[in-house]
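Undergrad: Build me a structure from this.
(one chain, ligands or ions: 2)
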Amino acid sequence: MCWEDHVSPDNPLIEVCNCDSGFVHLMCVMRVFSENVKRVESENSVVYLFSSWKCETCNEFFPFNITTPDGKVLSLLQYDNLAPGADYMVWENVGVQEYKWIYIFWPTPEKHALWLGRSEEADLIINDESVSELHAVVRFEPGHFARFVLLDNQSQFGTLVLVKDRTPILLSYSKAI
Ligand SMILES: [Zn+2]
Ligand SMILES: [Zn+2]
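TA: Numbering: from 1, shown residues only. Ligands and ions are numbered 1, 2, ... in the order given. Okay, the predicted model is just below:
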């Protein structure tokens with residue numbers, strides 16, 4: 001995936017897989033990665049879809065976060081700049097290596113609830129057997145103590161919430177709802 005043979009502090013060689021030749025330039029990884037991302041925007045949301053991201057030689061999945069030689073962790077996904085201080089939620093599928101999606105939702109006066117479920121009617125469709133048709137809804141409550149409130153919609157397997165505080169956007173963050 002390399003187009004350049006030039007290494008600089010801004011463009012170090014990084015290890016992406018188990019191959020002997022598994023070292024590539026940071027810029028080259030970022031270029032290939034960005035070509036792999038599909039971005040779909042609506043009035044209230046933007047979703048990023050990443051197709052499989054894997055070495056054709058050693059079959060190892062490439063990481064979504066890259067650690068540079070000086071120890072910095074970079075997310076390969078370049079998020080949109082959301083307005084500073086804006087309220088928004090980020091949803092990410094975890095535990096699947098073949099593909100990934102990131103869904104960012106921000107409330108507006110017209111639309112301030114996000115339905116989750118397997119149904120086509122859900123805003124965020126989650127195709128998993130443990131998810132009911134209209135599994136749960138997250139409502140935004142504006143005001144001084146603005147917050148998102150999640151309500152389980154009598155789903156078959158229930159909803160477990162682990163993220164309770166404001167959390168920075170970090171790809172592959174280890175907590176999930
Ligand atoms: Zn390169
Ligand atoms: Zn490889």
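Undergrad: quick one: contacts for the closest residue to L134 other than its chain neighbours?
TA: Nearest residue to L134, sequence neighbours excluded (CB to CB, 6 or more residues apart in numbering): G117, at 4.3 Å. For glycine as for every other residue, the C-beta is placed from the backbone atoms N, C-alpha and C. Counting by CB atoms under 8 Å, 6 or more residues apart in numbering, G117 touches L124, I125, I126, V131, S132, E133, L134, H135, A136, N153.
Undergrad: 7 Å - rerun?
TA: I126, V131, S132, E133, L134, H135 (CB atoms under 7 Å, 6 or more residues apart in numbering).
Undergrad: How about it: which residues does it bridge to?
TA: Going by DSSP bridges, G117 is paired in beta bridges with I125.
Undergrad: Give me the pLDDT value at it.
TA: We note a pLDDT of 96 for G117 in this prediction.
Undergrad: go on, L82?
TA: pLDDT, read off for L82, is 69.
Undergrad: and the residue positioned nearest the centre of the chain, which of the three is it?
TA: By CA atoms, centre = their mean, the chain has its centre lying nearest to I102, at 3.1 Å. Look at I102: counting by DSSP: H, G, I helix; E, B strand; the rest coil, its state is strand.
Undergrad: That one contacts L49, doesn't it?
TA: No. At 8.4 Å, I102 does not count as touching L49 under the criterion of CB atoms under 7 Å.
Undergrad: low-scoring stretches of this protein, by residue?
TA: Residue ranges of the chain with pLDDT under 70: 1, 3-5, 80-84, 96-97, 163-177.
Undergrad: quick one: the strands in it?
TA: 13-15, 23-25, 37-41, 45-50, 65-67, 73-75, 89-92, 100-105, 113-117, 124-125, 136-141, 147-152 (DSSP state E).
Undergrad: can I get those strands in JSON lines with distance to ligand 1?
TA: Output for the strands of the chain, formatted as JSON lines (distance: least, CB to the ion, whole Å):
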{"stretch": "strand 13-15", "distance to ligand 1": "8"}
{"stretch": "strand 23-25", "distance to ligand 1": "3"}
{"stretch": "strand 37-41", "distance to ligand 1": "19"}
{"stretch": "strand 45-50", "distance to ligand 1": "20"}
{"stretch": "strand 65-67", "distance to ligand 1": "13"}
{"stretch": "strand 73-75", "distance to ligand 1": "16"}
{"stretch": "strand 89-92", "distance to ligand 1": "28"}
{"stretch": "strand 100-105", "distance to ligand 1": "23"}
{"stretch": "strand 113-117", "distance to ligand 1": "40"}
{"stretch": "strand 124-125", "distance to ligand 1": "36"}
{"stretch": "strand 136-141", "distance to ligand 1": "41"}
{"stretch": "strand 147-152", "distance to ligand 1": "41"}
